[in-house]
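# Sharing a model prediction with you, sequence too.
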Amino acid sequence: MRLDRATGAKCYMLSARALNISKGETRSCWEWIDLCYGIFREAAQLRGVWSLEIRGKIHSRMLCRNSMYAAYMLFKLADGYTMMDFPFQEASISYGGTSSKRQVCLQAYMEDGDDGVPRKHILKSSWESRLPHSYCLTDDVMVPWKRAND
């Protein structure tokens with residue numbers, strides 16, 4: 001646990017090693033790489049997968065009652081990688097018997113200062129030949145924010 005410098009809010013971060021990263025039964029689809037920066041020393045690097053499931057959990061006793069929480073996934077796409085744009089991915093979070101699911105677009109990102117979901121997502125992948133050059137996003141599709149220090 002660490003405190004957010006700007007807000008003083010508690011922040012629980014899970015390293016890649018604390019996550020269950022799976023693609024079927026094989027680990028040959030990803031490998032561990034060393035990081036030279038950040039608070040974690042290593043990350044999982046994918047090797048061309050078509051499906052992926054990442055699971056992580058924290059104990060509920062670490063959380064405070066009557067508090068709101070958010071979950072974020074930090075990731076970096078390799079330069080030139082364009083396979084996470086369409087179709088949209090599904091993200092879900094569960095607590096006890098309650099579950100929440102959303103569609104997410106992992107390819108585009110919102111710039112600092114944007115005040116809403118962008119209405120257009122420019123496609124740069126092999127889907128381009130099958131779809132219009134831009135795809136209208138609806139309010140229920142979430143896109144990543146680019147971190148200020150990247």
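Okay, I see it.
# Tally up the residues packed near the residue lying closest to Leu14 once chain neighbours are set aside, please.
The shortest distance from Leu14 to any non-neighbouring residue, by C-beta to C-beta, 6 or more residues apart in numbering, is to Gly56 (4.7 Å). In this view, the C-beta of every residue, glycine as well, is placed from N, C-alpha and C. Neighbourhood size, Gly56 [other C-beta atoms under 10 Å]: 14.
# ok, Gly56 touching Leu19?
Yes. Contact criterion C-beta atoms under 8 Å: Gly56 and Leu19 qualify, at 4.5 Å.
# now the residue nearest to Leu14: how far from Tyr72?
In this view, Gly56 and Tyr72 are 11 Å apart by C-beta to C-beta, to the nearest Å.
# Please apply the same query to Ser100.
Counting by C-beta to C-beta, the gap from Ser100 to Tyr72 is 14 Å.
# what do you get for Ser94?
Here Ser94 is placed at a distance of 16 Å from Tyr72 (C-beta to C-beta).
# Check Gln89 too.
From Gln89 to Tyr72 the distance is 15 Å (C-beta to C-beta).
# Could you do Val104 as well?
11 Å.
# How about Leu52?
Taking C-beta to C-beta, one finds Leu52 at 17 Å from Tyr72.
# With neighbour numbers in mind, choose between the two.
Between Leu52 and Tyr72, counting by other C-beta under 10 Å, Leu52 is the more crowded of the two (15 against 9).
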